[in-house]
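>>> sequence-free structure coming up:
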């Protein structure tokens with residue numbers, strides 16, 4: 001069934017936009033933007049937006065690479081959708097002059113940190129789409145980002161099909177795991193011990209699975225904070241039923257050196273999940289393309305962590321070497 005759904009989405013994405021899809025006007029943080037016809041040269045300033053565009057069958061003319069060693073900034077889950085495309089790669093701050101030279105007919109900036117000044121200048125070059133009103137720079141749900149991109153590229157039906165497919169999968173996972181519903185879980189960046197709140201796309205993903213934020217992290221999210229800085233001298237804010245360490249590859253030693261980590265319930269009860277570079281990137285992109293990989297990989301790890309038996313090892317934590325001292329050395 002999932003294969004048939006994927007084939008349907010590929011077929012839908014290949015369809016050109018219709019003239020009747022335009023004009024389309026969307027409100028955003030800095031006003032509103034109108035797109036009058038199907039864009040052909042899309043410049044993506046979003047750190048994750050190219051993933052969303054590719055899921056719609058749109059290969060951006062230029063994209064803003066976030067991190068990682070992959071060609072054109074596209075991780076493995078997006079390579080098939082990129083195909084033979086060779087977008088211009090930007091990195092670092094938004095370069096207005098360089099973007100103007102690209103002669104785009106649409107600039108997308110959800111999840112980009114675009115300022116009001118950036119928007120004022122960019123919107124003189126081409127129709128420009130910042131985040132939705134009230135969402136903040138990085139506070140939009142993946143579903144909302146995708147639907148808005150679908151609308152401005154004339155692929156709203158593709159976006160809706162993608163959303164329906166993934167939402168159905170999330171609903172099935174929630175139904176299959178009643179023990180997760182309302183349990184606390186948190187994603188923590190291994191390099192700093194900072195936690196992502198429900199204002200962040202990673203925190204929203206845990207909510208989609210039925211989990212709740214630890215109270216201290218939830219409270220910061222209510223203040224529109226997407227990230228909570230946690231000092232090594234007090235990790236109490238991270239106390240949760242499941243703790244997911246996100247790592248770009250250099251955080252294992254730091255995790256093992258945290259002196260107060262043994263006082264966390266997730267440590268004592270074997271409910272820590274180590275997320276390697278690929279899974280961490282998939283969760284951090286949280287796009288229609290990366291979420292399928294993330295669910296395939298993370299759900300079995302959550303099942304190991306949340307089975308109620310402290311003796312059950314989480315396989316990724318065993319492989320990374322972050323299991324509590326005294327845990328079984330058997331593979």
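Thanks, I have the structure now. Since we're looking at a predicted model, the values are computed, not measured. Numbers count the residues shown, from 1 in each chain.
>>> Where do the helices of the stretch 51-200 of the chain begin and end?
Under the criterion DSSP state H, counting those that start in this stretch, helices of the stretch 51-200 of the chain are mapped to 76-82, 96-101, 116-122, 142-152, 156-176.
>>> The longest one to helix 142-152, inter-axis angle?
Going back to what we said before, that points to helix 156-176. 170 degrees (axes from the mean of the first three to the mean of the last three C-alpha atoms, to 10 degrees).
>>> Packing partners of helix 156-176?
If contacts are counted by 3 or more C-beta pairs under 8 Å, 6 or more residues apart in numbering; DSSP states H and E, helix 156-176 sits against helix 2-14, helix 142-152, helix 288-305. Where you see a C-beta, it was placed from the backbone N, CA and C, and this is true even at glycine.
>>> rank those helices by mean pLDDT and give me the bottom one.
Here the lowest mean pLDDT among those goes to helix 2-14, at a mean of 48.
>>> I'd assumed residue 243 was in contact with residue 188.
Yes - using C-beta atoms under 8 Å, residue 188 makes contact with residue 243 at a distance of 6.2 Å.
>>> neighbour-wise, which of these two wins?
residue 188 (28 against 25; other C-beta atoms under 10 Å).
>>> check contacts around the nearest residue to that one once chain neighbours are set aside.
In this structure, residue 188 finds its nearest non-sequential neighbour in residue 195, 5.1 Å apart by C-beta to C-beta, 6 or more residues apart in numbering. By C-beta atoms under 8 Å, 6 or more residues apart in numbering, residue 195 lies in contact with 186, 187, 188, 189, 214, 217, 227, 228, 230, 237, 238.
>>> and what of residue 231?
Residues near residue 231 by C-beta under 8 Å, 6+ apart: residue 193.
>>> For residue 260, see how far away it is.
10 Å (C-beta to C-beta, to the nearest Å).
>>> what about the strands in the chain?
Along the chain, counting by DSSP state E, strands occupy 24-28, 31-35, 42-44, 62-64, 88-90, 106-108, 128-129, 185-189, 194-196, 227-228, 242-246, 272-275.
>>> returning to that earlier point: is it possible to get TSV of the contacts of residue 195 that adds pLDDT and distance to residue 179?
Converted to TSV, these look like this (pLDDT from 0 to 100; distance: C-beta to C-beta, whole Å):
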residue	pLDDT	distance to residue 179
186	97	17
187	97	19
188	97	22
189	96	26
214	94	17
217	92	21
227	91	28
228	90	26
230	91	26
237	92	23
238	95	21
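>>> Quick check: the farthest pair among those residues?
The most widely separated members of those are 189 and 214, with 15.2 Å between them, by C-beta to C-beta.
>>> which non-adjacent residue is nearest the residue most central in space within the chain?
By C-alpha atoms, centre = their mean, the chain has its centre lying nearest to residue 286, at 2.4 Å. Take residue 286 and drop its neighbours on the chain: the residue closest to it by C-beta to C-beta, 6+ apart is residue 201, 4.4 Å away.
>>> pLDDT value on that neighbour, please?
So, for residue 201, pLDDT stands at 94.
>>> How many residues are close by it?
Other residues within reach of residue 201, judged by other C-beta under 10 Å, total 21.
>>> Give me the below-cutoff pLDDT ranges for the stretch 1-150 of the chain.
1-16, 18-19 (pLDDT under 70).
>>> Revised request: answer the last question for the stretch 151-300 of the chain.
For the stretch 151-300 of the chain, no stretch is flagged by pLDDT under 70.
>>> repeat that with 90
216, 219-225, 231-233, 248-250 (pLDDT under 90).
>>> coming back round to it: which stretch among the strands of the chain comes nearest residue 150?
strand 24-28 (9.9 Å).
>>> neighbouring contacts of that closest one?
Counting by C-beta under 8 Å, 6+ apart, 32-35, 129-133, 148, 151-152, 154 sit against strand 24-28.
>>> and it, which strands flank it?
Strand 24-28 has these partner strands in its sheet, going by DSSP bridges: strand 31-35 (antiparallel).
>>> List of residues touching the strand it pairs with?
22, 23, 24, 25, 26, 106, 123, 127, 128, 129, 152.
>>> residues of it that come out buried?
Of the residues in strand 31-35, 33, 35 count as buried by neighbour count, 16 or more other C-beta atoms under 10 Å.
>>> do stretch 259-277 as well
In stretch 259-277, the ones that count as buried by 16+ other C-beta under 10 Å are 261, 264, 266-267, 269-277.
>>> now stretch 48-67
Going by neighbour count (16+ other C-beta under 10 Å), the buried part of stretch 48-67 is 48-66.
>>> ok, now stretch 141-156?
141-143, 145-156.
>>> chain center to it, what's the gap?
Stretch 141-156 sits 15 Å away from the centroid of its parent chain (C-alpha atoms, centre = their mean, to the nearest Å).
>>> next one: stretch 86-106
23 Å.
>>> so how far does it reach from one end to the other?
Stretch 86-106 has an end-to-end distance of 18 Å (criterion: C-alpha to C-alpha, to the nearest Å).
>>> That's all I had, so thanks and see you.
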